[in-house]
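Trainee: Need a 3D model of the following:
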Amino acid sequence: MFRFGSSGAKQAGASGSISGVPTALRRNRKSLTARVWAVSPLYLFLLPAVLYVVVFNYWPMYGLQIAFKDFRSGLGILGSPWVGLTHFDRFFRSYMFPVLIRNTLLLSGYQILAGFPIPIILSIAIHYAARSGLRRFTQTVTYAPYFISQVVLVGMLLLMLSPRTGVVNVFVRALGGTPVFFMGKEGLFRHIYVWSGIWQNSGWASIIYLAVLSNSDPDLHEAAIIDGATKPQRIRHIDIPVLIPTAVILLVMNTGQLLAIGFEKAYLMQNDINIMSSEIIATYVYKLGILNAQFSYTSAIGLFNNVINFALLLGVNSLARRFAKTGII
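Mentor: Model (predicted):
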């Protein structure tokens, strides 16, 4: 048997193997509390954002279970019966499934391919503007459309593209042509949607690239000018490499939302004539879920949409980290 006397206790306490551990923990806990208290005003500023994320992003995840239930408002979420993957099977077998996937992918992919390089080109043009007045004027003109709401933007499109009084058809008629019902042609819906969005958002999206360009090393440009490099050469060998990491990260984030394109603008531009080109997942979910109260079915569609977006985000980010040596995670 081993006997642990008072001398042993003192020795252990002195060495810190037993009594010293709680003391160290109390000291560390006290120092952590003191550090948190010292910056407590910053945590108070952070609290509203944390509450917003918890209430609007995490708490609604509790309701995802209705995608696997036959939700009935009288029984509530917990009381509604389980149906498994019935709603997912119904969506995959629906005649609208290929239409929705095709329209959503084409519209979102077109938007990324056409709209992604334009803010980069615009930021480079503004950065190399010779006069500061011209630079400020260009920034103001290109930023302003971003603050136009989707409702106002679609209203402007309807007025300008009206077959009778629209300014575009007035020019067409003046040139001897036949007025065109732009909003009623399925083939023109995606072009109108994408290029109006590019006009609205390119100026605002260029802010990030302008910030990157303004922080680039000026010594590189000075050395290139001394060596006789032209502006296109400086853009190609200095500015583009500086912009690539930021561009890759933004491309990954945009690709992660490939199937999550917003419904507001598409819904406002929809009509009975272009419905086969304008019906996307978001508008379909809104019509069935909100207007027809098919909550379980549309929750299953929304869950499928989010899972695919998450998988795309991880896949594209993995490719970006492998080939461009950068990514978001």
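
Trainee: For residue 146, which non-adjacent residue is spatially closest?
Mentor: residue 204 (3.9 Å; C-beta to C-beta, 6 or more residues apart in numbering). Where you see a C-beta, it was placed from the backbone N, CA and C, and this is true even at glycine.

Trainee: how near is that neighbour to residue 111?
Mentor: Relative to residue 111, residue 204 is positioned 15 Å away (C-beta to C-beta, to the nearest Å).

Trainee: Compare the two (neighbour count), which wins?
Mentor: For residue 204 and residue 111, the more surrounded residue by other C-beta atoms under 10 Å is residue 111, and the numbers stand at 20 against 15.

Trainee: so the residue nearest to residue 146 touches residue 148, yeah?
Mentor: No: contact between residue 204 and residue 148 fails when scored by C-beta atoms under 8 Å: they sit 11.1 Å apart.

Trainee: returning to that earlier point: element containing the residue nearest to residue 146, please.
Mentor: For residue 204, the element it lies in under DSSP states H and E is helix 186-214.

Trainee: helices and strands around that helix, which ones?
Mentor: The contact analysis (3 or more C-beta pairs under 8 Å, 6 or more residues apart in numbering; DSSP states H and E) places helix 186-214 against helix 96-115, helix 117-127, helix 132-143, helix 150-160, helix 240-255, helix 264-269, helix 275-278.

Trainee: looking at those helices, which is closest to residue 47?
Mentor: helix 240-255 (26.3 Å; C-beta to C-beta).

Trainee: mean confidence score for the closest one?
Mentor: Average pLDDT, helix 240-255: 89.

Trainee: again with stretch 196-213
Mentor: pLDDT averaged over stretch 196-213 gives 92.

Trainee: Domain ranges for this protein, per the record?
Mentor: 1-38, 85-323 (automatic domain parsing).

Trainee: Just name the most buried of those domains.
Mentor: domain 85-323 (a mean of 16; mean count of other C-beta atoms under 10 Å).

Trainee: And it, end to end?
Mentor: End-to-end distance of domain 85-323 (C-alpha to C-alpha, to the nearest Å): 38 Å.

Trainee: Isn't residue 289 up against residue 298?
Mentor: Yes: judged on C-beta under 8 Å, residue 289 makes contact with residue 298 at a distance of 3.3 Å.

Trainee: So which of the helices and strands packed on helix 186-214 is nearest residue 227?
Mentor: Distance to residue 227, taken as C-beta to C-beta, is lowest for helix 240-255 among these, at 16.7 Å.

Trainee: Can you name every helix or strand that the closest one contacts?
Mentor: By 3+ C-beta pairs under 8 Å, 6+ apart, helix 240-255 packs against helix 96-115, helix 117-127, helix 186-214, helix 295-323.

Trainee: Throw those helices into TSV and include distance to residue 165, thanks.
Mentor: Output for those, formatted as TSV (distance: least, C-beta to C-beta, whole Å):
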stretch	distance to residue 165
helix 96-115	28
helix 117-127	30
helix 186-214	17
helix 295-323	38
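
Trainee: Of all these, which one is nearest residue 50?
Mentor: Closest among the helices and strands packed on helix 240-255, once you apply C-beta to C-beta, is helix 295-323, at 22.0 Å.

Trainee: what angle do that closest one and helix 96-115 make?
Mentor: 40 degrees (axes from the mean of the first three to the mean of the last three C-alpha atoms, to 10 degrees).

Trainee: Tell me where the model's unsure across this structure.
Mentor: In the predicted model of the chain, residues 1-30, 329 satisfy pLDDT under 70.

Trainee: ok so, going back, just send the helices and strands packed on helix 186-214 back as a markdown table, with distance to residue 232 too.
Mentor: Below are those laid out as a markdown table (distance: least, C-beta to C-beta, whole Å):
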| stretch | distance to residue 232 |
| --- | --- |
| helix 96-115 | 23 |
| helix 117-127 | 10 |
| helix 132-143 | 19 |
| helix 150-160 | 35 |
| helix 240-255 | 11 |
| helix 264-269 | 36 |
| helix 275-278 | 39 |
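
Trainee: Compare the ones you listed and give me the one nearest residue 285.
Mentor: That would be, of those and by C-beta to C-beta, helix 96-115, which comes in at 9.3 Å.

Trainee: Against residue 48, how distant is residue 256?
Mentor: Taking C-beta to C-beta, one finds residue 256 at 26 Å from residue 48.

Trainee: can you check residue 201 too?
Mentor: Taken as C-beta to C-beta, the span from residue 201 to residue 48 is 27 Å.

Trainee: And for residue 135?
Mentor: 36 Å.

Trainee: now swap in residue 295 and tell me
Mentor: Distance, residue 295 to residue 48, by C-beta to C-beta: 29 Å.

Trainee: Kindly report the same for residue 171.
Mentor: 50 Å.

Trainee: Residue 284 too?
Mentor: Counting by C-beta to C-beta - residue 284 and residue 48 are separated by 34 Å.

Trainee: How about residue 267?
Mentor: Distance from residue 267 to residue 48, by C-beta to C-beta: 31 Å.

Trainee: Likewise for residue 215?
Mentor: Relative to residue 48, and taking C-beta to C-beta, residue 215 is found at 30 Å.

Trainee: Good, we can wrap up now.
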